[in-house]
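Enquirer: this one's sequence-less:
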Ligand SMILES: N[C@@H](CCC(=O)N[C@@H](CS)C(=O)NCC(=O)O)C(=O)O
């Protein structure tokens, strides 16, 4: 007799597609319904969050393609979209872009009116530099305080190398907020840098990282963005669980 025990699980784990539409930016725009952003877990995947926020900040309508990270067919499917076998991966007008920073640069080109990178060359260089620092650095923070939106570990003991990453991030934030006047890192407009550091804001909340008033206000502002609230809501209802990350530290 064929067992149906696994059928609901398989159904739950099937890739989910939803259309994500931000408020359109001013000016004419040809809507391309074939634009797709492939991501994985909304609870655990910080790079997925960055890519998704960048597309939303750009105002580009897109269809979400959410792949369950533990499904055996997932790696093969990601490989077709992203040569690095990593998400996020964007397909727009037949052009395939993977790697979060490449997606950010691409979105800045195709949606210039969104000003994902600041107009001023000095600020733009600064924005690229701190976004690059997030992209390639802070490995202690990333490995010891993994993104877990549903988790809350208030007594978490931060080890010294992760604390050094946290201190550097706070210095970056303070310099930006002081130089450009806030409330976002490069002033009134949300930029690539805000998307890059958004998962850090969630980690600071999950692990109750102690922050000064300036950095705490920036964290709270980012966590209260409508796009972040929408992402948190989806993360809460996500069926995927990675047990190792849900232990009490
Ligand atoms: N440098 C890459 C990092 C992307 C990355 O590490 N993505 C993880 C998800 S958070 C991934 O795709 N993992 C899939 C896997 O390991 O199978 C980027 O900027 O996009």
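Expert: Arrived safely. Just so you know, these numbers come straight off a predicted model, no measurement behind them.
Enquirer: How is the protein divided into domains?
Expert: Under the assignment automatic domain parsing, the domains of the chain span 15-114, 121-231.
Enquirer: Could I get those domains in TSV, plus columns for distance to the ligand and mean neighbour count?
Expert: The way it works is simple: take the backbone N, C-alpha and C, and place the C-beta from them, glycine included. What follows is the domains of the chain, written out as TSV (distance: least, CB to the nearest ligand atom, whole Å; neighbours: other CB atoms under 10 Å):
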stretch	distance to the ligand	mean neighbour count
domain 15-114	3	18
domain 121-231	6	18
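Enquirer: could you dump these to TSV with mean pLDDT?
Expert: Formatted as TSV, the entries for these read as follows, by pLDDT from 0 to 100:
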stretch	mean pLDDT
domain 15-114	83
domain 121-231	97
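Enquirer: Of these, which is nearest residue 239?
Expert: domain 15-114 (8.3 Å; CB to CB).
Enquirer: quick revisit: turn the domains of the chain into TSV, including distance to residue 238.
Expert: Below are the domains of the chain laid out as TSV (distance: least, CB to CB, whole Å):
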stretch	distance to residue 238
domain 15-114	5
domain 121-231	8
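Enquirer: Quick one: closest of those to residue 237.
Expert: Taking CB to CB as the criterion, residue 237 comes closest to domain 15-114 out of the domains of the chain, the separation being 9.0 Å.
Enquirer: how distant is the closest one from the center of its chain?
Expert: The chain centroid and the centroid of domain 15-114 are separated by 11 Å under CA atoms, centre = their mean, to the nearest Å.
Enquirer: With stretch 153-171 instead?
Expert: Put simply, stretch 153-171 sits 20 Å off its chain's centre (CA atoms, centre = their mean).
Enquirer: for stretch 207-220, same thing?
Expert: When C-alpha coordinates are averaged (CA atoms, centre = their mean), stretch 207-220 and its chain have centres 18 Å apart.
Enquirer: okay, how far is it across that stretch, tip to tip?
Expert: End-to-end distance for stretch 207-220: 14 Å, by CA to CA, to the nearest Å.
Enquirer: didn't residue 170 look like it was pressed against residue 213?
Expert: No: taking CB atoms under 8 Å as the definition, residue 170 is not a contact partner of residue 213, at 11.3 Å.
Enquirer: Can you pull the residues that touch both of these two?
Expert: Residues touching both residue 170 and residue 213 (CB atoms under 8 Å, 6 or more residues apart in numbering): none.
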